[in-house]
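Trainee: Predicted coordinates and the sequence they were generated for:
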Amino acid sequence: MSIASAEKPFRPALFCDRDGTLIAEVPDPLRGVRACYRPQEVRLLPGVRDLQQFCLDKGWPLVVISNQQDVGRADLSRERFSLVHERFVAELCVPEVCECYFRYCFHLESDGCYCRKPRPGMILEAAQELNLDLQRSYMIGNRLSDVQAGDSAGCRSILLNAIVRRFGSYPVVPDLRGAVELLERLEGAE
C-alpha cells in the first residue's frame with residue numbers, strides 16, 4: 001500500500017467564527033459587545049443546529065476559528081476562558097451532531113502573529129491536521145476579518161450581517177439560517 005492511498009481523502013469543511021456567529025456576544029457599556037466571560041453567558045444563536053445538520057448531512061467537520069484577544073489583554077483569564085470553552089463545547093457538541101474542532105488565537109493585533117484573523121494561520125493549521133480541501137470549504141463569520149481569513153486560506157467566505165446585502169465579493173446573509181440556505185443552494189441539498 002502506498003503512502004498516498006493510506007492517507008485520508010481530502011474533504012471540505014465549514015469554518016466558523018465563534019462570538020457573534022455561533023454564540024451571542026454580550027452587551028458591554030464600554031465596547032458595545034464583548035465575548036462571553038462567564039459560562040452562564042454562553043448562548044447558541046439561532047441556526048446553529050441547522051448548520052450542524054448541514055455538516056452532518058455532507059460529512060463535513062465544523063471547525064471553530066476564533067480570535068480571543070481578551071485573554072491576551074488579560075481582560076479574561078485563561079482559566080475562565082477554559083470554563084467558557086467547556087460550556088460552549090457542552091452546548092455545541094450534543095450527541096449526534098457533526099464533528100467539531102476548535103482553534104483559538106489569544107494574540108493581540110499588535111503581536112502580528114500568523115494565526116490571528118484576518119491572517120489564515122488557524123485555518124491552514126486545521127486543514128493540514130484534518131486533511132481538508134480548502135478550495136471546497138467555506139468560512140462563515142460576522143466580521144470582515146473572518147471572511148478575509150477564509151479568502152487568504154483559499155476558502156469561499158460568507159459574511160453574516162443583518163443590514164448589508166453585499167460587501168465587496170462576499171455574499172452577505174442576515175444570520176446563520178441564511179448562511180445554511182445559501183450553502184444548500186451552492187452545494188445542493190441531499
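Mentor: Great, that's in hand.
Trainee: Tell me where this structure is predicted with low confidence.
Mentor: 1-8, 162-168, 189-190 (pLDDT under 70).
Trainee: got a list of contacts for the lengthiest helix in it?
Mentor: Across the chain, the longest stretch assigned as helix under DSSP state H is helix 78-92. For helix 78-92, contacts defined as C-beta atoms under 8 Å, 6 or more residues apart in numbering pick out 18, 22-23, 35-42, 44, 48, 52, 64, 68, 70-71, 76, 100, 102, 104, 106. Placement of C-beta: from N, CA and C, glycine included.
Trainee: try 6 Å
Mentor: Helix 78-92 is contacted by residues 36, 39, 42, 44, 71, 100 when judged by C-beta atoms under 6 Å, 6 or more residues apart in numbering.
Trainee: Output that helix as CSV - backbone C-alpha positions only.
Mentor: Extracted C-alpha coordinates of helix 78-92, given in CSV (Å, rounded to 0.1, in the frame of the first residue of the first chain):
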residue,chain,number,x,y,z
ARG,A,78,-7.1,31.5,30.7
GLU,A,79,-8.9,29.6,33.5
ARG,A,80,-12.1,31.5,32.9
PHE,A,81,-11.7,31.2,29.2
SER,A,82,-11.4,27.4,29.7
LEU,A,83,-14.7,27.3,31.6
VAL,A,84,-16.4,29.3,28.9
HIS,A,85,-15.0,27.0,26.2
GLU,A,86,-16.1,23.9,28.2
ARG,A,87,-19.7,25.3,28.3
PHE,A,88,-19.6,26.2,24.6
VAL,A,89,-18.4,22.6,23.8
ALA,A,90,-21.1,21.2,26.0
GLU,A,91,-23.8,23.3,24.2
LEU,A,92,-22.4,22.8,20.7
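Trainee: what about the strands in the protein?
Mentor: When secondary structure is read from DSSP state E, the chain shows strands at 14-16, 26-28, 32-34, 62-67, 100-105, 138-141, 156-160, 166-167, 170-173.
Trainee: and residue 125, how far is that from residue 115?
Mentor: Here the criterion is C-beta to C-beta, to the nearest Å. By it, residue 125 lies 7 Å from residue 115.
Trainee: between the two, which one's more packed in?
Mentor: residue 115 (20 against 15; other C-beta atoms under 10 Å).
Trainee: Tell me how far that one lies from residue 90.
Mentor: 25 Å.
Trainee: Quick one: residues contacting residue 68.
Mentor: By C-beta under 6 Å, 6+ apart, the contact list for residue 68 reads 104, 106.
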